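Participant: okay, here's the prediction I keep looking at, along with the sequence it came from:
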Amino acid sequence: MKFTFKKSERLNSKKVIEQLFDKKGRETNPSVFLYPFRVTYIHEILSDKSQVISEDLNVTESGELTTLENLPLTTTPPQILISVSKRSFKHAVDRNLVKRRTREAYRLNKHLLMQKPSNQIPAYIAFVYIAKTIEDYAKIEKSMKAIFKKMV
RNA sequence: AAAAUAAAUCAUCUUAUCGCCUUUGAGCAAUCAAGGGAGGAAAGUCUGGACAACGUAGAGCAGCGUGCUUCCUAACGGGAAGGUAUUAAUUUGGAGACGAAUUGAUAACAGCAAGUGCAACAGAAAAUUACCGCCAAAUCUCGGUUUGGUAAGGGUGAAAAGGUAGAGUAAGAGACUACCGCUUGUUUGGUGACAAACAGGGCGUAUGUAAACCUCACGUGUUGAAAGACCAAAUAGGCUGACAGUUGUAGGGCUGCUCGCCUGAUGUCAGUGGGUAGGUCGAUAGAGCGUAUCGGUGACGGUGCGUCGAGAUAAAUGAUAAGACUUUUUAGUGAAAUACCUAAAAAUGACAGAAUCCGGCUUAUAGAUUUAUUUUCUAA
RNA sequence: GGUCCGUUCGUCUAGGGGUUAGGACACGUCCCUUUCACGGAUGAAACACGGGUUCGAUUCCCGUACGGACUA
């Protein structure tokens, strides 16, 4: 396992971002809340047809459906997004610093997530930085590991 | 030598491991190798352009912007040099009003001597002034009243109707004289702002305010890279062209208005063709940077030589570890100390992160270095 | 990225050079009532910050800070 973080692992589709953060998604999508992050993630793109099926996957985790979805998930790592609010940090320098530290912590600890059973690895993850102060790298790395443990 | 102020320059470094973006090369591909990777303000968005579309962008008005002069520049609301005014310090002329010189600072510094408006309170009066005064005449109850003259003095105010001295007068007054200030004309000097000299004006044509309306001069078409061009996929309204038809009418478009110009109701054929934020270009070799030399008081310009120095797009340029350096604090050394040296601890190590690109302006900025000015101390 | 607007008592607002910056709700004290509410009287409380123009600035101009709207 290499500690890489390529462009393909970044979430840049506006449709998926809207699904993560719109009103509907905020209620239905699973999320983990752990200082200094709020992490929201989904397992599959919710198109109009597959919406019912994927919701079943989240809730019931029926065996037949997950085995079908296994193949693409194991080969490709999830796409992630890191967000730092302009309200909490006024200067762009501070926002960039937090984003870089978060990205670095994800990159170096990604293998912990990939060791999980393949049906538990989400397809899209959003890390939202909530704290009002800039935390150092050690603290961010610690909470990143804890988040991976909590994610289902 | 120290401190303060102003200006300019720099604005942490080295090594290792793991990564990100990009260029070139190799490879069927995964990937590998080599090179490059934030700033002086990248910021604020206050300005001027390049570039692009709107029909190849028409006229006048309105609106908006600028406002001493000349120059620099692609252009500017930026810069350079100069002029004038105000002001501070020093020196100096004069009886005085008021000037002169040097050095520094400041100026949205065109026009209230075109028009209109405004000037609270106080004051008689805030722009065709007369309250207390001063003077003369009349009158009577003999210190008041009335009429007239006057604007020197008083008081109010931010601002009071040219100032000083004289002569003059009933008292006074540019009504008169000298000087000063203001102002008009001519001449001379200067590219010009303007300056100097001479001759007038007689200052009730002339209080202040244009960051009040406004006048004058100059500039300005509008919208901004989410502009716009191309490629792939994909449908309707639409759009374009040709032909026929039509009062070039209603209506529509071009800039807010007017003029002016263009288009203009239907049918057939052919072509083109949204949204859907997919990709490529625009988009990084430029009014570029460095250096030498020449011209210019200077901003700056010419010439020669060298050089390529980020190009992301939910947005790269980083993380960790060790060491050096810096700053702060504490302790020690030392006769003492704010200096130097040693040790330890702390500090995400000033402000701050490219978003089409350049020229400026403004604002933020730990520390270091250099230059200039002022003050203090020490030595000769 | 671009364009534009605003900031006045605790809150919502008026005032667009001149004497004490006005009003409503809320708040304090007193009166009314057995008490509370309603009502009456009275009081405290504000021009975002820094410069400039002006005799004088909340108002005009410039800069800074903060907040908001529009633009796909």
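Facilitator: Noted; the coordinates are in hand.

Participant: helix, strand, or coil at A:I125?
Facilitator: Here A:I125 is strand, with the state taken from DSSP: H, G, I helix; E, B strand; the rest coil.

Participant: no, scratch that, I was asking about A:K86
Facilitator: Once three-state DSSP is applied, A:K86 turns out coil.

Participant: ok, it to A:F37 distance?
Facilitator: 17 Å (CB to CB, to the nearest Å). (C-beta placed from N, C-alpha, C; glycine too.)

Participant: please say which of these two ends up with more neighbours.
Facilitator: A:F37 (22 against 9; other CB atoms under 10 Å).

Participant: grab the nearest non-local neighbour of the more buried one.
Facilitator: Nearest residue to A:F37 in three dimensions, chain neighbours excluded: A:F127, at 5.3 Å (CB to CB, 6 or more residues apart in numbering).

Participant: who touches the one you found in this structure?
Facilitator: By CB atoms under 8 Å, 6 or more residues apart in numbering, the residues touching A:F127 are A:37, A:39, A:80-83, A:102, A:106.

Participant: over to A:P77?
Facilitator: A:9, A:110, A:114.

Participant: just the pLDDT for it.
Facilitator: Here the pLDDT value assigned to A:P77 is 75.

Participant: quick revisit: name the member of the contacts of A:P77 with the most neighbours.
Facilitator: Counting by other CB under 10 Å, top hit in the contacts of A:P77: A:K110 with 21 neighbours.

Participant: do you know how far it is from A:T133?
Facilitator: Distance, A:K110 to A:T133, by CB to CB: 26 Å.

Participant: what's the average pLDDT for stretch A:114-124?
Facilitator: On average, the pLDDT along stretch A:114-124 is 77.

Participant: buried stuff in it?
Facilitator: Neighbour counts using 16 or more other CB atoms under 10 Å place A:119, A:121-124 of stretch A:114-124 among the buried residues.

Participant: for A:Q120, phi and psi?
Facilitator: phi -90, psi -10 (degrees, to the nearest 10).
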